[in-house]
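J.: Here is my input, please return the structure:
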Amino acid sequence: MNAWAAAALVLLAVPAPACLWVAARGSAVHRLVGASLLSSVAGAVFLLLPPAYERSSYQDLALVLGVLSPAGTLVFTRFVSGGHHETDDSATVT
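T.: Below you'll find the predicted structure:
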(Lines give C-alpha, C1' and ligand atoms only; values in the text may rest on other atoms or scores of the structure.)
Protein backbone atom coordinates (compact mmCIF):
# COMPACT_ATOMS: atom_id res chain seq x y z
CA MET A 1 0.00 0.00 0.00
CA ASN A 2 1.43 3.34 -0.99
CA ALA A 3 0.79 6.79 0.47
CA TRP A 4 -2.04 7.58 -1.98
CA ALA A 5 -4.00 4.48 -1.05
CA ALA A 6 -3.40 5.15 2.64
CA ALA A 7 -4.75 8.69 2.26
CA ALA A 8 -7.87 7.35 0.50
CA LEU A 9 -8.33 4.80 3.27
CA VAL A 10 -8.08 7.51 5.92
CA LEU A 11 -10.73 9.55 4.10
CA LEU A 12 -13.00 6.51 3.96
CA ALA A 13 -12.43 5.60 7.61
CA VAL A 14 -12.77 8.97 9.34
CA PRO A 15 -15.02 11.55 7.62
CA ALA A 16 -17.20 9.19 5.55
CA PRO A 17 -18.91 7.49 8.55
CA ALA A 18 -19.41 10.89 10.16
CA CYS A 19 -21.07 12.17 6.98
CA LEU A 20 -23.28 9.10 6.81
CA TRP A 21 -24.29 9.57 10.44
CA VAL A 22 -25.24 13.21 9.82
CA ALA A 23 -27.08 12.28 6.62
CA ALA A 24 -29.09 9.63 8.46
CA ARG A 25 -30.16 11.75 11.44
CA GLY A 26 -31.38 15.20 12.22
CA SER A 27 -33.37 17.77 10.33
CA ALA A 28 -33.64 18.02 6.57
CA VAL A 29 -30.96 20.70 6.47
CA HIS A 30 -28.52 18.52 8.42
CA ARG A 31 -29.23 15.56 6.13
CA LEU A 32 -28.63 17.77 3.09
CA VAL A 33 -25.31 18.97 4.50
CA GLY A 34 -24.27 15.40 5.32
CA ALA A 35 -25.09 14.17 1.83
CA SER A 36 -23.27 17.07 0.19
CA LEU A 37 -20.22 16.60 2.36
CA LEU A 38 -20.24 12.87 1.67
CA SER A 39 -20.15 13.54 -2.07
CA SER A 40 -17.17 15.84 -1.53
CA VAL A 41 -15.36 13.15 0.47
CA ALA A 42 -16.14 10.56 -2.21
CA GLY A 43 -14.79 12.92 -4.87
CA ALA A 44 -11.58 13.35 -2.90
CA VAL A 45 -11.24 9.59 -2.56
CA PHE A 46 -11.77 9.17 -6.29
CA LEU A 47 -9.02 11.74 -6.91
CA LEU A 48 -6.61 9.85 -4.66
CA LEU A 49 -7.18 6.44 -6.27
CA PRO A 50 -5.66 7.10 -9.75
CA PRO A 51 -2.14 7.77 -8.44
CA ALA A 52 -2.49 4.85 -6.02
CA TYR A 53 -3.27 2.34 -8.77
CA GLU A 54 -1.48 4.20 -11.58
CA ARG A 55 -4.57 4.33 -13.79
CA SER A 56 -5.58 7.73 -15.05
CA SER A 57 -8.98 6.52 -16.22
CA TYR A 58 -10.18 6.48 -12.60
CA GLN A 59 -10.12 10.28 -12.59
CA ASP A 60 -13.23 10.21 -14.75
CA LEU A 61 -15.23 9.02 -11.74
CA ALA A 62 -14.18 12.10 -9.79
CA LEU A 63 -15.11 14.38 -12.69
CA VAL A 64 -18.53 12.78 -13.11
CA LEU A 65 -19.18 12.98 -9.37
CA GLY A 66 -18.14 16.63 -9.37
CA VAL A 67 -20.64 17.40 -12.12
CA LEU A 68 -23.53 15.31 -10.79
CA SER A 69 -23.19 16.13 -7.10
CA PRO A 70 -24.75 19.63 -7.24
CA ALA A 71 -27.59 18.28 -9.37
CA GLY A 72 -28.18 15.53 -6.82
CA THR A 73 -28.28 18.14 -4.07
CA LEU A 74 -30.94 20.07 -5.98
CA VAL A 75 -33.01 16.92 -6.53
CA PHE A 76 -32.74 16.03 -2.83
CA THR A 77 -33.82 19.55 -1.88
CA ARG A 78 -36.80 19.37 -4.22
CA PHE A 79 -37.78 15.95 -2.82
CA VAL A 80 -37.57 17.10 0.80
CA SER A 81 -39.43 20.34 0.17
CA GLY A 82 -42.54 18.46 -0.94
CA GLY A 83 -42.54 18.61 -4.71
CA HIS A 84 -44.80 21.35 -6.05
CA HIS A 85 -44.74 25.01 -5.28
CA GLU A 86 -47.87 26.84 -6.24
CA THR A 87 -47.34 30.03 -8.16
CA ASP A 88 -49.41 33.14 -7.68
CA ASP A 89 -50.98 33.78 -11.09
CA SER A 90 -52.57 37.04 -9.95
CA ALA A 91 -49.12 38.64 -9.64
CA THR A 92 -48.39 38.25 -13.35
CA VAL A 93 -49.36 41.00 -15.72
CA THR A 94 -51.06 39.93 -18.94
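J.: Please enumerate the strands of the protein.
T.: Assigned strands in the chain: none (criterion: DSSP state E).
J.: Let's test this: mean pLDDT of the longest helix along it, rounded?
T.: The longest helix of the chain (DSSP state H) is helix 28-53. For helix 28-53, mean pLDDT is 88.
J.: Who are the packing partners of it?
T.: When contacts are defined as 3 or more CB pairs under 8 Å, 6 or more residues apart in numbering; DSSP states H and E, helix 28-53 packs onto helix 3-13, helix 15-24, helix 59-81. All C-beta spots, glycine's among them, are computed from the backbone N, C-alpha and C.
J.: Of all the ones you listed, which one is nearest Leu49?
T.: helix 3-13 (5.7 Å; CB to CB).
J.: Please state the offset of the closest one from the chain centre?
T.: Centroid separation for helix 3-13 versus its chain: 18 Å, with CA atoms, centre = their mean, to the nearest Å.
J.: Residues contacting that helix, please?
T.: With contacts defined as CB atoms under 8 Å, 6 or more residues apart in numbering, helix 3-13 is touched by Met1, Val41, Ala44, Val45, Leu48, Leu49, Pro51, Ala52, Tyr53.
J.: and it with helix 28-53, angle?
T.: Here helix 3-13 runs at an angle of 160 degrees relative to helix 28-53 (axes from the mean of the first three to the mean of the last three CA atoms, to 10 degrees).
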